[in-house]
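*Asks:* What follows is a predicted protein model with its sequence.
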Amino acid sequence: MATLIQNAQILDTTTGTVHRNQSFLIEEGKIRALYSDAHGPSTLGEGLERLDAQGMFVMPGLIDAHVHVMAWTADVRQIARYSPYYTAAKAGEIMRDMLMRGFTTVRDVGGADYGIARAVDEDALTGPRVVYGGMALSQTGGHGDMRGPGELNPELFGPQSIFSRLCDGVAEVQRACRDEVRRGAKHIKLMLSGGVASLTDRIENVQFAADELKAAVEEAENAGLYVVAHSYTAKTVNRAIKAGVRSLEHCNLIDEESIDLLLKHNAFMVPTLVTYEMLATEGVAAGLPESVVPKIEIVRENGLHALKMAHEAGVNLAYGTDLLGAMHRHQLKEFGIRAQVQDPLSILQGATVNAAKLMNEVGESGVIKEDARADLLMVKENPLENLQSLESPETNLCLIMKAGRIYKNTLDA
């Protein structure tokens, strides 16, 4: 059934303009027409469902470009020891809560696969649309190798686990990329630097050799995909961009050359600042091994500065969180952290139009326009005037629609 939403104030996150007294038609999961009239045309058929927005602000559904929906604990080593059915059930809880916060699309960069995405698409699980990359690729001893220094058995956490697969040498990288493409990946994720959660590497480690990196980029491009790179330091970020990587994650320790390269290659930077704040205060309680805690401050203290540099230079920025376990509940706090160095419109663009552009979905998601996905939110307050209001979905978020289906509606409450 088609739905006509009436009496809406539509927030255009591309320009920051609010279009008042609007109506629009939704049919088959898409926005079919927009009308500069609060009630819409009278010529529409009688078998139409009408929804009064009551003057609420209507904005695109939010997009989180860096999540791990399978990460129900911060001790990702433990997940490999549990039944995959249990993990899928926990992922269902995580995704349902994400949708109720207003995220209608998430880009999973390690863990989710075809089954999770299809279950959501079919409403077997309630959650945001999952744009998945399958398992991240890691070298032996890299950020995706979850073995401790005394654990020799590669079958315990590798060469393949729920989040990552180990591959060494060009041939293994090619095979791994091709297999993720076979499994339906929308991007290829590479671990190119050390990370916080891994036990045996340092943040500043450079991972994968140049020919391995080049091979992964080539395989992704051959399949019409792009590469996502876990990368903290200027050295790893810069070599990744030069090799053709499109999406640079974290980037806490970048330099001026990094900014120049991001701009020159029209690449994207996806900071994930909230995860370091939460890891510092709740990480151990959420399952993070205490042995890796000292690594948190290395990246935490520089993240905001890196974001400020990138924002002021005009780098493509997308919204990401990278939260684990019980810390997923802080997903909306990234807005407040970024507000220390960014204006509200820029932050909203990172969670809508910029994220859509990153995923090669320009005009399809992250916008309210004809032929776009009917992913939208109705909120009481204009987030351009009060960005913090988005952090209170229980009271501010009145309606959640994903692909034309309503998942929350308190308009008549």
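*Replies:* Nice, thanks for sending it over. Numbering: from 1, shown residues only.
*Asks:* Any regions of this structure where pLDDT drops low?
*Replies:* 152-161, 413 (pLDDT under 70).
*Asks:* Counting residues, name the longest helix you see in it.
*Replies:* Ranked by number of residues, the top helix in the chain under DSSP state H is helix 294-313.
*Asks:* what are the C-alpha coordinates of that helix, in PDB please?
*Replies:* Extracted as PDB, the C-alpha positions of helix 294-313 are listed here (Å, rounded to 0.1, in the frame of the first residue of the first chain):
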ATOM      1  CA  PRO A 294      47.700   1.000  27.400                       C
ATOM      2  CA  LYS A 295      47.200   1.200  23.600                       C
ATOM      3  CA  ILE A 296      43.900   3.100  24.000                       C
ATOM      4  CA  GLU A 297      45.500   6.400  25.000                       C
ATOM      5  CA  ILE A 298      47.900   6.300  22.000                       C
ATOM      6  CA  VAL A 299      45.000   6.800  19.700                       C
ATOM      7  CA  ARG A 300      42.500   8.500  21.900                       C
ATOM      8  CA  GLU A 301      44.500  11.600  22.600                       C
ATOM      9  CA  ASN A 302      45.100  12.400  18.900                       C
ATOM     10  CA  GLY A 303      41.700  11.500  17.400                       C
ATOM     11  CA  LEU A 304      39.900  14.800  17.800                       C
ATOM     12  CA  HIS A 305      42.900  16.700  16.400                       C
ATOM     13  CA  ALA A 306      42.900  14.500  13.300                       C
ATOM     14  CA  LEU A 307      39.200  15.100  12.800                       C
ATOM     15  CA  LYS A 308      39.700  18.800  13.100                       C
ATOM     16  CA  MET A 309      42.400  18.800  10.500                       C
ATOM     17  CA  ALA A 310      40.300  16.800   8.100                       C
ATOM     18  CA  HIS A 311      37.200  18.900   8.600                       C
ATOM     19  CA  GLU A 312      38.900  22.200   8.100                       C
ATOM     20  CA  ALA A 313      40.600  21.000   4.900                       C
END
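*Asks:* continuing past that helix, what's the next helix or strand?
*Replies:* Using DSSP states H and E, the helix or strand that directly follows helix 294-313 along the chain is strand 316-317.
*Asks:* Paired strands for that next one, with orientation please.
*Replies:* Partner strands and pairing direction for strand 316-317 (DSSP bridges) are strand 268-270 (parallel).
*Asks:* tally of neighbours for residue 210?
*Replies:* Counted with other CB atoms under 10 Å, the neighbours of residue 210 add up to 11. In this view, the C-beta of every residue, glycine as well, is placed from N, C-alpha and C.
*Asks:* The longest helix of the chain packs against which elements?
*Replies:* Packing partners of helix 294-313 (3 or more CB pairs under 8 Å, 6 or more residues apart in numbering; DSSP states H and E): strand 247-253, helix 256-264, helix 273-282, strand 316-317.
*Asks:* Quick check: buried residues in that helix?
*Replies:* Neighbour-count burial for helix 294-313, counted by 16 or more other CB atoms under 10 Å, picks out 295-296, 298-300, 302-304, 306-307, 309-311.
*Asks:* Residue 35: which of those is nearest?
*Replies:* Closest approach to residue 35 among the buried residues of helix 294-313 (CB to CB): residue 311, at 35.4 Å.
*Asks:* The closest one and residue 342 touch, don't they?
*Replies:* Yes. At 5.1 Å, residue 311 counts as touching residue 342 under the criterion of CB atoms under 8 Å.
*Asks:* how is this protein carved up into domains?
*Replies:* Domain segmentation of the chain under automatic domain parsing yields 3-61+367-409, 62-358.
*Asks:* okay, the ones you listed, which one's buried deepest?
*Replies:* Using mean count of other CB atoms under 10 Å, the stretch among the domains of the chain with the largest mean neighbour count is domain 62-358, at a mean of 21.
*Asks:* gap between the two ends of that one?
*Replies:* For domain 62-358, the separation between the terminal residues is 14 Å (CA to CA, to the nearest Å).
*Asks:* For that domain, what is the distance to the chain centroid?
*Replies:* Centroid separation between domain 62-358 and its chain, computed with CA atoms, centre = their mean, to the nearest Å, is 8 Å.
*Asks:* who's in contact with stretch 297-304?
*Replies:* By CB atoms under 8 Å, 6 or more residues apart in numbering, the residues outside stretch 297-304 that reach it are 196, 203, 232, 250, 252-253, 271, 273, 276-277, 279-280, 337, 340-341.
*Asks:* rewinding a little: could you pull out the residues contacting both of residue 311 and residue 342?
*Replies:* Both residue 311 and residue 342 are contacted by residue 317, under the criterion CB under 8 Å, 6+ apart.
*Asks:* May I have the secondary structure class of residue 87?
*Replies:* helix (DSSP: H, G, I helix; E, B strand; the rest coil).
*Asks:* Surely it is in contact with residue 72?
*Replies:* Yes. At 6.6 Å, residue 87 and residue 72 qualify as touching, with contact defined as CB under 8 Å.
*Asks:* what is in contact with the two at once?
*Replies:* residue 79.
*Asks:* if we can go back for a sec, now the angle from the longest helix of the chain to strand 247-253?
*Replies:* Angle, helix 294-313 to strand 247-253, by axes from the mean of the first three to the mean of the last three CA atoms, to 10 degrees: 110 degrees.
*Asks:* Compute the inter-axis angle for helix 294-313 and helix 256-264.
*Replies:* 50 degrees.
*Asks:* tell me the helices in this structure, going along the chain?
*Replies:* 76-79, 84-100, 114-121, 154-157, 170-182, 210-222, 234-243, 256-264, 273-282, 294-313, 333-338, 344-350, 353-358, 393-396.
*Asks:* just checking, what packs against the second one?
*Replies:* Counting by 3+ CB pairs under 8 Å, 6+ apart, the packing neighbours recorded for helix 84-100 are helix 114-121, strand 397-402, strand 405-409.
*Asks:* hmm, who's touching it?
*Replies:* 64, 67, 69-72, 79, 106, 112, 115-116, 119-120, 125-128, 130, 162, 328-329, 331, 393, 400, 402, 407-408.
*Asks:* Would you point out which residue is most central in this protein?
*Replies:* Geometric centre of the chain, nearest residue: residue 65, 1.9 Å, by CA atoms, centre = their mean.
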